[in-house]
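> build me a model from this:
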Amino acid sequence: FLLIVFDECHHVPSEAYRNIAQMSVAPYRLGLTAFPERADELHELLPDLIGGIVYQKTPEELVGKYLAPYEVVGIRIPLTKEEKERYKQYYEIFKSYIEKRGITFRNLEDFQRIVMRSGSDEEAFKALRALEQARKIAFSSKRKLEKLREILERHKGEKIIIFTRHNELVYEISRRFLIPAITHKTDKKERSEILKKFREGRYKAIVSSQVLDEGIDVPDASVGIIISGTGSSRELVQRLGRILRPAPGKEKATLYEFISVGTSEVRVAKRRKSGLKRVVNSSRFFCFL
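As a prediction, this is how the structure comes out:
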């Protein structure tokens, strides 16, 4: 064939997909993505694998006909006294380790170096375990779930997608609020059935981890709630994208972002928000050719 089309082409530079572009003999190539940048900077390979940027649009240019008007609402939520004490205890273990080893913790590569050390350095392993425990406290705080109940009540009758980082919290929200859950463990048939009922309006809300960040189309979903996430700007853009499809009667899409005050979530949220601002303030809906 003469033409190859790469949807979500930011995946193409990864080791898993790069060979497809390298081995293809198709002289014409089209790549589509809302956010080409990657944390590992492999997006720099896109011009060689597919070609240069030939067409791009800002979200503002697409609002109205192709995208619904939207707002992103950050909600700062304090930990309980007990959660705050436990968070500090765990985070201090991690902080003490990186200070003792003179490690500068600035980006994903620095974190990956600590992960590599953990295989042979027991202190590194303990530090990472402590960091994970601290993050879990921030991600799934009691007051976040109280706020979730409030937001669900506020948007009663609207279609809502709830995003979290970990499956454990997905299942807890599913049990507590009787909301269908989709994770990587959900088989294909059950997932299709849940999404079908969501589109039909038989389910008004669904909760998921990262498996719904791409590849679903529910035009009348108007509310997104991020309970927890990574520092990835792409993840934020993709989650926003789940609720931006225009639909009859849909006046506005709202994405809520829950942030635990006094935790690393504040820094993480700031990092992913800066990426969203770049998308909004510049042409970031790309077409590579």
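
> all contacts plus neighbour counts: C-alpha atoms, from now on.
Noted.

> how about the helices of the stretch 51-200 of the chain, start to end?
Assigned by DSSP state H, counting those that start in this stretch, the stretch 51-200 of the chain shows helices spanning 59-62, 81-100, 108-117, 122-139, 142-154, 167-177, 188-200.

> which of the ones you listed sits most buried?
helix 122-139 (a mean of 19; mean count of other Cα atoms under 10 Å).

> thinking again about what came up before, out of the helices of the stretch 51-200 of the chain, which is closest to residue 23?
Between residue 23 and the helices of the stretch 51-200 of the chain, the shortest gap by Cα to Cα is with helix 108-117, which sits at 29.1 Å.

> what does the closest one rub up against?
Applying Cα atoms under 8 Å, 6 or more residues apart in numbering, the contact partners of helix 108-117 are 39, 40, 103, 104, 105, 124, 125, 128.

> wait, the last one sits on residue 94?
Yes - Residue 128 lies in contact with residue 94 (Cα atoms under 8 Å); the separation is 6.6 Å.

> let's have the contacts of helix 108-117 in a markdown table, adding distance to residue 24 and pLDDT.
Shown next, in a markdown table, are these (distance: Cα to Cα, whole Å; pLDDT from 0 to 100):
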| residue | distance to residue 24 | pLDDT |
| --- | --- | --- |
| 39 | 26 | 73 |
| 40 | 24 | 77 |
| 103 | 42 | 77 |
| 104 | 41 | 76 |
| 105 | 39 | 71 |
| 124 | 43 | 86 |
| 125 | 42 | 91 |
| 128 | 41 | 90 |
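
> quick check, nearest of those residues to residue 16?
residue 40 (14.2 Å).

> which of the three states applies to residue 268?
Classification of residue 268 by DSSP: H, G, I helix; E, B strand; the rest coil places it in helix.

> that one and residue 230 touch, don't they?
Yes - applying Cα under 8 Å, one finds residue 268 in contact with residue 230, separated by 6.7 Å.

> how long is stretch 132-145 from one end to the other?
Chord length of stretch 132-145, first to last residue, is 19 Å (Cα to Cα, to the nearest Å).

> the bottom helix or strand of the chain by mean pLDDT?
Lowest on mean pLDDT, DSSP states H and E among the helices and strands of the chain sits strand 285-288, with a mean of 43.

> got the domain ranges for this structure?
According to automatic domain parsing, the chain is divided into the following domains: 3-51, 70-78+141-282, 81-138.

> dump those into a markdown table; add distance to residue 62 as well.
Shown next, in a markdown table, are those (distance: least, Cα to Cα, whole Å):
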| stretch | distance to residue 62 |
| --- | --- |
| domain 3-51 | 12 |
| domain 70-78+141-282 | 10 |
| domain 81-138 | 32 |
